[in-house]
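Asks: quick one: sequence and predicted model below, then my questions.
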Amino acid sequence: MWIKNIFIYYCILYFLFPLFIVFRFSSLETNSSRLVEFETLLSPRKPKGGKWIGQKLVKKSLPILILAGHADSQGNLGAGTLGESVAVNNAKPMDSQMSDELFWNLKLSKLIVQIGKRRGLNISFYDPPVRYIKDPNNLNTNWTVGSKHSLKGGYALEIHFDSYGKYGAGSGLIPPVSKNLNTVDESIGKTFGKFPFLFRGGLGASRRQIRILEVGKLEGYLEKNLRDSNISQKTLNLLANNIVKSIIFGMNEKAVFNPLPDRGNIFLPAIYL
Ligand SMILES: [Zn+2]
């Protein structure tokens, strides 16, 4: 009997326990290696040619309005990108009622507002009542609501994911057509990249003083991480946190021209959070 017991202990000690350790740590490694860093998520992020510098100072009470790109233009050419998974790899759309881009634009926009409020920002989200509005000057479109907000001195930021492959340019801030770019523009531009003035001839949003943030191309790591239910929320949190941090950083005029945010603005000192 005791020989049998010793044999069992021996098995546990020399076979099952090491097996457990190997399994435990290899599965951890698999999970963590799939959540890539912020910088990798946004690649390719080469310079986009934006030479502008946002210098106008803003108040900490600056009213910020977040808009989800294409929220009022589903079912036509302006619906936003389907993303690489759907368009190239035949994956099912995240929601059959909308483009994958809008699906992620909505999720990220709401999260930015949620985190921004928690960090003390004067921030809100506008969602049009219907998903298709033919007339861009209709009172309920993103453009109309965003441009009114900007005219009153607020900051309107429309969230987008760029197209995959050769159809997209990558992440970056598309500035409004204005001489008054501010330190929040500067900070977001330093984190995500700067598109030139009059990008694509001065987009409808830019002419209406709405900033466009192309978060990244809907392909590769970024799209895989968003679509993977194990890490989707973490990926959205990572993106939203970096956007909110950039906004807050931009409100600190002393900090925004400090060389630190050039490094990607990821690990900001706690004073700015
Ligand atoms: Zn878009």
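Replies: On my side now, so go ahead. Numbers count the residues shown, from 1 in each chain.
Asks: how many neighbouring residues does the residue in the stretch 101-250 of the chain positioned nearest to the ion have?
Replies: Of all residues in the stretch 101-250 of the chain, the one sitting closest to the ion is His160 (3.5 Å; CB to the ion). Just so you know, the C-beta spots here come from the backbone N, C-alpha and C atoms, and that holds for glycine as well. The criterion is other CB atoms under 10 Å. On that basis, His160 has 26 neighbouring residues.
Asks: which residues touch it?
Replies: Contacts here follow CB atoms under 8 Å, 6 or more residues apart in numbering; on that basis His160 touches 69-70, 80, 101, 105, 212-215.
Asks: let's verify it: helix, strand, or coil?
Replies: Secondary structure state of His160, per DSSP: H, G, I helix; E, B strand; the rest coil, is strand.
Asks: show me which residues of the stretch 101-250 of the chain are close to the ion?
Replies: If contact is defined as CB under 5 Å from the ion, the residues of the stretch 101-250 of the chain in contact with the ion are His160.
Asks: state the pLDDT value of Leu42.
Replies: pLDDT, Leu42: 80.
Asks: so how far is Gly80 from it?
Replies: Distance of Leu42 to Gly80, computed by CB to CB, to the nearest Å: 18 Å.
Asks: with Leu213 instead?
Replies: Leu213 sits at a distance of 14 Å from Gly80 (criterion: CB to CB).
Asks: for Asn90, same thing?
Replies: In this structure, Asn90 lies at 19 Å from Gly80, with CB to CB as the measure.
Asks: so the two - more neighbours on which side?
Replies: The residue with the greater number of neighbours, taking Asn90 and Gly80 and applying other CB under 10 Å, is Gly80; the counts read 24 against 7.
Asks: surely Tyr155 touches Pro63?
Replies: Yes - between Tyr155 and Pro63 a contact is recorded at 7.0 Å, counting by CB atoms under 8 Å.
Asks: okay, and the common contacts of these two?
Replies: Taking CB under 8 Å, 6+ apart as the contact criterion, the common neighbours of Tyr155 and Pro63 are His149.
Asks: looking at these two, which has the bigger crowd around it?
Replies: Relative neighbour count places Tyr155 above the other of Tyr155 and Pro63, with 24 against 16, counting by other CB under 10 Å.
Asks: pull the contacting residues for the more buried one.
Replies: If a contact means CB under 8 Å, 6+ apart, then Tyr155 has 58, 62-65, 149, 182, 184, 211 as its contacts.
Asks: let's have the residues you listed in a markdown table, adding distance to Lys234, secondary structure and pLDDT.
Replies: Rendered in a markdown table, the data for those read as follows (distance: CB to CB, whole Å; DSSP: H, G, I helix; E, B strand; the rest coil; pLDDT from 0 to 100):
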| residue | distance to Lys234 | secondary structure | pLDDT |
| --- | --- | --- | --- |
| Val58 | 30 | coil | 95 |
| Leu62 | 29 | coil | 97 |
| Pro63 | 29 | coil | 98 |
| Ile64 | 24 | strand | 98 |
| Leu65 | 26 | strand | 98 |
| His149 | 31 | helix | 98 |
| Asn182 | 31 | strand | 96 |
| Val184 | 26 | helix | 97 |
| Arg211 | 26 | strand | 97 |
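Asks: with distance to Asn241 added, can I get the residues you listed in CSV?
Replies: Compiled in CSV, these are given as follows (distance: CB to CB, whole Å):
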residue, distance to Asn241
Val58, 20
Leu62, 19
Pro63, 21
Ile64, 15
Leu65, 19
His149, 23
Asn182, 21
Val184, 16
Arg211, 19
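Asks: so for stretch 180-197, what gets flagged as buried?
Replies: When burial is assessed from 16 or more other CB atoms under 10 Å, stretch 180-197 yields the following buried residues: 181-195, 197.
Asks: ok now it, how far from the chain's centre?
Replies: 15 Å (CA atoms, centre = their mean, to the nearest Å).
Asks: kindly check the end-to-end length of that stretch for me.
Replies: According to CA to CA, to the nearest Å, stretch 180-197 extends 12 Å from its N-terminal end residue to its C-terminal end residue.
Asks: also stretch 49-62?
Replies: Stretch 49-62 has an end-to-end distance of 28 Å (CA to CA).
Asks: run through who's touching that stretch.
Replies: With contacts defined as CB under 8 Å, 6+ apart, stretch 49-62 is touched by 122, 154-155, 172-173, 175, 180-187, 189, 193-197, 250-251, 253.
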